[in-house]
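[1] I would like the atomic coordinates for the input below:
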Amino acid sequence: MKIEQIYTGCLAQGAYYIESNGEVAIVDPLREVQPYIEKAEKEGAKVKYVFETHFHADFVSGHVDLSEKTGAPIIYGPNAITGFDAIIAEDNQEFKLGAVTIKVLHTPGHTMESTCYLLIDKEGKEKALFSGDTLFIGDVGRPDLAQKSDLTIEDLAGHLFDSLRNKIMTLPDDVVVYPAHGAGSACGKNMSKETTDLLGNQKQFNYALRANMTKAEFIKEVTDGLTPPPQYFPENVKMNKEGYESIDEVMERGAQALSPAAFEAAANETGAVVLDTRNPQDFAKGFVPNSINIGLNGQFAPWVGALIPDLRQEILLITEEGKEEETVIRLARVGYDNTLGYLKGGVKAWAESGAELDTIESISTAELAKRMEEDKELKVIDVRRPGEYVSEHVEGVENFPLDYINDNMAELDRNKTYTIHCAGGYRSMIASSILNARGFNVVDVDGGFAAIKKSELFKTTDYVCPSTLK
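    Sure, this is the predicted structure:
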């Protein structure tokens with residue numbers, strides 16, 4: 001028997017490859033499914049089942065494509081209603097995979113179809129739990145993503161409490177927990193950076209599994225401090241429930257190389273967003289006018305999802321050389337299937353064609369300190385999340401979270417210049433590029449709050465100014 005976690009850091013997502021006696025099951029596959037197929041073929045095995053723990057909100061699963069390419073049925077737990085052929089399993093139903101058994105444990109709460117899959121070895125020993133978004137390492141799934149008019153967040157949290165107590169905490173302590181996400185995912189609040197653990201450790205250290213916890217206490221703690229989910233979540237759920245265009249077609253369309261002239265024509269004719277995925281400081285030194293920078297080396301897909309609200313939006317790409325196909329795939333993972341192509345030769349080819357380049361001024365923390373001293377009215381904004389800002393921030397600097405920049409832009413004045421920082425420089429360049437494209441004057445702070453703190457040139461505080469921007 002083989003269990004392999006295939007972890008994708010930019011989504012903080014774990015898919016699973018389970019093999020026994022030449023038969024393979026894939027749990028919660030990513031959108032690009034060829035690697036699973038090739039891995040099985042290399043092992044001389046065949047994909048027999050595609051298990052889905054629930055309708056994912058934070059990424060588009062590869063279940064439909066994987067089933068079509070291998071003939072393996074898609075399996076969901078009770079309450080799932082799909083727009084494609086699938087086995088809707090019953091609670092406690094068992095599926096044979098080689099010499100092992102995979103048992104369905106219906107665990108509603110995160111969503112009402114949420115299901116865990118318990119792996120039982122050939123001796124009948126319960127070995128591993130593929131817990132989806134029901135149980136994370138250090139946390140549990142948030143109960144607000146599947147809220148309906150007749151089902152409150154508190155109702156879902158109550159279901160989750162019962163599922164954990166009745167279905168999961170009764171399992172042996174030596175069962176290995178394999179969750180769908182780790183730290184960095186928006187599907188929970190306090191996930192550990194660890195991506196697997198023994199259930200016994202979770203019973204001891206996970207706040208939501210305290211033995212003496214009442215249902216009322218659980219509901220209060222699990223629902224406290226939930227931030228609004230990213231705007232793209234409902235659309236990803238819809239795609240996962242109803243189906244989607246083949247990844248092969250998405251890649252064929254998106255990986256088209258466009259000359260500078262063809263790229264400019266496509267931008268003018270389609271109204272596509274021009275998305276530049278290079279390093280933030282490279283972007284600042286020269287970029288195609290009105291393009292938006294979301295660096296591929298950061299939390300790329302979640303930030304695209306948060307800041308480009310319409311998944312049908314057409315996109316034109318500018319990337320580092322050799323990163324074109326990877327970028328198209330990573331967009332498709334969160335449902336952005338309408339990439340029209342990329343700029344062949346990148347920004348260098350654009351400049352060589354004689355087309356105009358724009359720049360964003362990026363300053364050091366020493367220069368920021370100097371400017372703040374010389375101009376007491378200097379508008380400096382911190383685009384980190386409110387929790388980061390409250391923890392510690394530069395005195396007199398207002399909070400303008402990147403997450404809500406599209407909603408709050410009207411609060412800014414185009415006649416002023418805004419100096420922008422985040423934690424390390426990734427988010428501030430995203431914010432700077434968005435504001436620059438909308439006609440605002442911006443200056444970026446290289447290195448962000450980490451550099452500000454290290455410089456010891458600024459007075460910081462954890463007091464939240466009443467005028468803080470929301």
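
[2] use CA for all of it now, contacts and neighbours both
    OK.

[3] looking at this structure, which residue lies furthest from center?
    Going by C-alpha atoms, centre = their mean, the residue of the chain most distant from its centre is residue 374, 40.7 Å out.

[4] angles on the backbone of that one, please.
    Here the main-chain torsion angles of residue 374 (degrees, to the nearest 10) amount to phi -80, psi -30.

[5] then the one 10 residues further on?
    According to degrees, to the nearest 10, the main-chain angles of residue 384 amount to phi -70, psi 170.

[6] from residue 413, how far off is it?
    Residue 384 is 20 Å from residue 413, where distance means C-alpha to C-alpha, to the nearest Å.

[7] more neighbours: those two, which one.
    Neighbours around residue 384 and residue 413, counted as other C-alpha atoms under 10 Å, are more numerous at residue 384. The numbers are 23 against 11.

[8] show residues contacting the helix or strand of the chain with the lowest mean pLDDT.
    In the chain, the helix or strand scored least confidently by mean pLDDT, DSSP states H and E is helix 300-307, which has a mean of 89. Contacts with helix 300-307, where a contact means C-alpha atoms under 8 Å, 6 or more residues apart in numbering, come from 10-11, 58, 230-232, 294, 311, 330-331, 333-334, 403, 406.

[9] and the next element down the chain from that helix?
    Reading on from helix 300-307 to the C-terminus, the next helix or strand found by DSSP states H and E is strand 315-318.

[10] ok, residues contacting that following strand?
    Strand 315-318 is contacted from outside by 263, 267, 272-278, 324, 338-343, 346-347, using C-alpha under 8 Å, 6+ apart.

[11] what about those residues, which are in strands?
    273, 274, 275, 276, 339, 340, 341, 342, 343 (DSSP state E).

[12] returning to that earlier point: which among the contacts of strand 315-318 count as buried?
    With burial judged by 16 or more other C-alpha atoms under 10 Å, the buried subset of those is 263, 267, 272-278, 324, 338-343, 346-347.

[13] which non-adjacent residue is nearest residue 338?
    residue 314 (4.9 Å; C-alpha to C-alpha, 6 or more residues apart in numbering).

[14] so the one you found is in contact with residue 340, correct?
    Yes - assessed by C-alpha atoms under 8 Å, residue 314 is found in contact with residue 340 at 6.7 Å.

[15] quick one: common contacting residues for the two?
    With C-alpha under 8 Å, 6+ apart applied, the contact sets of residue 314 and residue 340 do not overlap.

[16] hmm, residue 274 and residue 267 touching each other?
    Yes - counting by C-alpha under 8 Å, residue 267 does reach residue 274; the two are 7.3 Å apart.

[17] the helices in the stretch 251-400 of the chain, which residues?
    260-270, 280-285, 300-307, 324-332, 346-352, 365-374, 386-391 (DSSP state H, counting those that start in this stretch).

[18] repeat for the stretch 1-150 of the chain
    34-42, 63-70.

[19] next, the angle from the last one to helix 34-42.
    This means helix 63-70. With axes from the mean of the first three to the mean of the last three C-alpha atoms, to 10 degrees defining the directions, helix 63-70 sits at 30 degrees from helix 34-42.

[20] elements contacting helix 63-70?
    Under the contact criterion of 3 or more C-alpha pairs under 8 Å, 6 or more residues apart in numbering; DSSP states H and E, helix 63-70 touches strand 46-51, strand 74-76.

[21] how much does the longest one deviate in direction from helix 34-42?
    Orientation of strand 46-51 against helix 34-42 (the same axes, to 10 degrees) gives an angle of 140 degrees.
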